[in-house]
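Participant: A predicted structure for the sequence below; I have some questions about it.
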Amino acid sequence: MRSLLDFQEIINQHIANQNFNRFPSELYDPIAYTMTQGGKRLRPLLTLMTCDLFGGNLVHAIHPALALEVFHNFTLVHDDIMDQAPLRRGRETVYKKWNSNIAILSGDTMFAMAYQYAIQTEDQYVPKILRVFNKAAIEVCEGQQLDMNFEVITQVNLDEYLEMIQLKTAVLIGVSIQIGAIIGNASDEDMKLMYDFGIQLGIAFQIKDDLLDLYGSEKYFGKKTGGDILANKKTYLFLKALEQCHNSDKQALIDLYNDNQMKDDLKISKVKAIFDQLQIEIVVESIMQDYYKHAVEILDSIQIEKNKKSVLFSFITSMFKRDY
């Protein structure tokens, strides 16, 4: 039975073997820069592990897995422009290192490259892969637009936020698992269960990211701590704090959150002090664990021997032990 290290080696070696250094260099250097930054490689790993879980041929899954990693990184390149984020994985973002125009064009190229990789598998799998890939690509863009909308509208509730993160984050994790199930020749019922498993996992993962943005270490997280607060992003933490606040304190928190004149460090510390008073970190961590436990229950329900699921179980457990 393959180990997590085996799957990581397959993905990392395959990415290292790709030639992203092409002409014109101004277009392709940012792509090479992005794809060699490392990261968790979460989505392609889930594709390979799911394919292996159902007894599929990993050779047929490698290029679709790479497609998901390239597509994910395309979204990050464009998201960083929209968010004006200076750091990604501890290094300058593409638009900061080059400029916004280059970042847009390089991201567009990555989008097209993702589709080139997606179809490099057995012909029998291509129609299903493209159908679910297209659906996920559109939904990710819908989620990103909702995320931007939430920055400027005054009223957002937790259900609306959960819908947004399902689209922006969870569907790509879900489809990564679903594509692995397709190539593993899983039944339609198991494919749906695995997709639902990925959705619950993805929601938990994004809530964890919300926590790490404020409570994580910049050294481990690779982003500026408190960036969501500075961008006025209505994260799960902020919306839960509004829900927990006394009515008299809600407007004060909203006004503080929307204050763009205050010095960055002071604004972050003031918002964090309110969150700490409301024990938001503890409350949101518990909610994140509920989604994670639901994901585990779905995976546990798949009628495959438990020992065959052990690597996948181990991997998803490690996802929620990221350093603070």
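Facilitator: Yes, it's here. Numbering: from 1, shown residues only.

Participant: how about low-confidence regions in this structure?
Facilitator: Counting by pLDDT under 70, the chain shows low-confidence ranges at 219-224, 322-324.

Participant: which ones are touching the residue lying farthest from the centre of it?
Facilitator: Seen from the C-alpha centroid of the chain, the residue lying at the greatest distance (C-alpha atoms, centre = their mean) is Ser248, 35.4 Å away. Applying C-beta atoms under 8 Å, 6 or more residues apart in numbering, we find Ser248 in contact with no residue. In this view, the C-beta of every residue, glycine as well, is placed from N, C-alpha and C.

Participant: mind listing what the nearest residue to Ile173 once chain neighbours are set aside touches?
Facilitator: In this structure, Ile173 finds its nearest non-sequential neighbour in Gly202, 3.7 Å apart by C-beta to C-beta, 6 or more residues apart in numbering. Neighbouring residues of Gly202 by C-beta under 8 Å, 6+ apart: 165-166, 169-174.

Participant: can you pick out the most distant pair from the residues you listed?
Facilitator: Farthest apart among these by C-beta to C-beta are Ile165 and Gly174. That separation is 12.2 Å.

Participant: out of the contacts of Gly202, which is most surrounded?
Facilitator: In terms of neighbour count, Ile173 stands highest of these at 27 neighbours, by other C-beta atoms under 10 Å.

Participant: just how off-centre is the helix or strand encompassing that one within its chain?
Facilitator: Take DSSP states H and E as the rule and Ile173 turns out to sit in helix 171-183. In terms of C-alpha atoms, centre = their mean, to the nearest Å, the gap separating the centre of helix 171-183 from the centre of its chain is 14 Å.

Participant: which strands or helices does that helix pack on?
Facilitator: In this structure, helix 171-183 makes packing contacts with helix 42-53, helix 58-83, helix 126-152, helix 188-215, judged by 3 or more C-beta pairs under 8 Å, 6 or more residues apart in numbering; DSSP states H and E.

Participant: the inter-axis angle of the longest one versus helix 126-152?
Facilitator: Interaxial angle of helix 188-215 relative to helix 126-152 (axes from the mean of the first three to the mean of the last three C-alpha atoms, to 10 degrees): 30 degrees.

Participant: that older thread, next, format the helices and strands packed on helix 171-183 as CSV and append distance to Ala273.
Facilitator: Output for these, formatted as CSV (distance: least, C-beta to C-beta, whole Å):
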stretch, distance to Ala273
helix 42-53, 33
helix 58-83, 24
helix 126-152, 23
helix 188-215, 11
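
Participant: of all these, which lies closest to Val296?
Facilitator: Between Val296 and the helices and strands packed on helix 171-183, the shortest gap by C-beta to C-beta is with helix 188-215, which sits at 8.5 Å.

Participant: hmm, back to that, give the buried residues for the one helix or strand the residue farthest from the centre of the chain maps to.
Facilitator: Under the criterion DSSP H and E, the helix or strand holding Ser248 is helix 247-257. Judged by neighbour count (16 or more other C-beta atoms under 10 Å), helix 247-257 contains these buried residues: 253, 257.

Participant: now the very next helix or strand once past it - C-alpha only, PDB.
Facilitator: Using DSSP H and E, the next helix or strand after helix 247-257 towards the C-terminus is helix 264-277. This file holds the C-alpha atoms of helix 264-277, laid out as PDB (Å, rounded to 0.1, in the frame of the first residue of the first chain):
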ATOM      1  CA  ASP A 264      -2.800  48.600  10.300                       C
ATOM      2  CA  ASP A 265      -1.300  47.100  13.400                       C
ATOM      3  CA  LEU A 266      -3.600  49.100  15.600                       C
ATOM      4  CA  LYS A 267      -6.700  48.100  13.700                       C
ATOM      5  CA  ILE A 268      -5.700  44.400  13.800                       C
ATOM      6  CA  SER A 269      -5.000  44.500  17.500                       C
ATOM      7  CA  LYS A 270      -8.300  46.300  18.300                       C
ATOM      8  CA  VAL A 271     -10.400  43.800  16.300                       C
ATOM      9  CA  LYS A 272      -8.500  40.900  17.700                       C
ATOM     10  CA  ALA A 273      -9.200  42.200  21.300                       C
ATOM     11  CA  ILE A 274     -12.900  42.100  20.600                       C
ATOM     12  CA  PHE A 275     -12.700  38.600  19.100                       C
ATOM     13  CA  ASP A 276     -10.700  37.400  22.200                       C
ATOM     14  CA  GLN A 277     -13.300  38.900  24.600                       C
END
